[in-house]
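Participant: Give me a 3D structure for the following:
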Amino acid sequence: MKADTAWLMRYIREVADFPLPGVAFKDITPLLANADAFRFTIDALADHLAGMPIDRVMGIESRGFILAAPVAYRAGASFIPVRKAGKLPHVVAREEYSLEYGRDKLEVHRDAIHPGDRVLIVDDVLATGGTAAAASRLVEGLGGVVVGLAFLLELTPLGGRALLGERDVYSLLSYDEQS
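Facilitator: All right, here's what the predicted structure looks like:
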């Protein structure tokens, strides 16, 4: 039985015109600042993924780090940060991608993923899917297997799932901007 998660929405603040005019940014810092909401979020994500064969949990910079690290701990898996270009000190694999307000690049250390590693990708928000798709390509390009993607919040009208193909995608919350 799925836990009631709707109450978490009151801890997600919408910030208009950030980072650019026309973008309605979903700020999860109020959720992180509430111990009960944060604990519930991590437990709900980890409980949903229990039993999934996971070797590594990849967190997408930067809010994805906050969610992925405790999920990795709960899963008994290692944590891998995927970062914006130029932030990692060792040899990297890089993937360019589009997002709702421009283009960017993600990088991961080449030695962070080995052929056959089963990787769960975690981020705070699934919007257009560009970032998550780029992270998936990084994992697969290094020989890893994406066993799933998990998000705190999915902005369903932006259709991000479509870019993720047949991969297993789980979102704790869905936000329909039309309602």
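
Participant: which residues touch Leu8?
Facilitator: 31, 37, 40-41, 172-173 (Cβ atoms under 8 Å, 6 or more residues apart in numbering). Using the backbone N, CA and C atoms, a C-beta is placed for each residue, glycine as well.

Participant: among these, which are in strands?
Facilitator: Those of the contacts of Leu8 mapping onto strands are 172-173, per DSSP state E.

Participant: Export the contacts of Leu8 to JSON lines and append columns for pLDDT.
Facilitator: Output for those, formatted as JSON lines (pLDDT from 0 to 100):
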{"residue": "Leu31", "pLDDT": "98"}
{"residue": "Ala37", "pLDDT": "98"}
{"residue": "Phe40", "pLDDT": "97"}
{"residue": "Thr41", "pLDDT": "98"}
{"residue": "Leu172", "pLDDT": "97"}
{"residue": "Leu173", "pLDDT": "97"}
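
Participant: And the contacts of Leu8, which is closest to Gly143?
Facilitator: Lowest distance from Gly143 to the contacts of Leu8 (Cβ to Cβ) belongs to Leu172, with 29.2 Å.
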